[in-house]
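[1] sequence first, then the predicted structure:
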Amino acid sequence: MRNPKLKFETRRDRVRSKISKVSNRIRLSVFKSGRHIYAQIIDDKNSITVASASTLDTAIRQLKKSNCNVSIATKVGELLGERAALEGVKEVVFDKGGYKYHGVVKALADAARKKIKF
């Protein structure tokens, strides 16, 4: 029987293989821990991070009651969208990693989608 970590790695590899085929766009990568959620827009061609946001940002830390829930993830997505718009990012490809597309990952993506085209 496959353990949860192996399932996660399988999903992550499947997503990354599809993203590598769309190499002309930069990617929005999501990392979720037990306490926080992090998102960054990465330009793989130049190996730089264009914009980033997380629950550790001071603007979001003041608002939170809980570290990683849907409402906080929405605020992280909005903040990331605003920062990406300031950098001139208009289109990205969404890299959900090995996470399932629901809950906080979906909330972050939907909020960022208001400013950035996926």
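    Nice, thanks for sending it over.

[2] so who does the nearest residue to residue 109 once chain neighbours are set aside touch?
    Excluding its sequence neighbours, the residue lying closest to residue 109 (Cβ to Cβ, 6 or more residues apart in numbering) is residue 94, at 5.8 Å. The C-beta positions use only the backbone N, C-alpha and C, and glycine is treated the same way. Residue 94 is in contact with 27-28, 30, 109, 118, counting by Cβ atoms under 8 Å, 6 or more residues apart in numbering.

[3] any idea what residue 94 is bridged to?
    residue 28 (DSSP bridges).

[4] what pLDDT does it get?
    Looking at residue 94, its pLDDT stands at 94.

[5] and it, how far from residue 34?
    Going from residue 94 to residue 34 by Cβ to Cβ, to the nearest Å gives 22 Å.

[6] for residue 3, same thing?
    18 Å.
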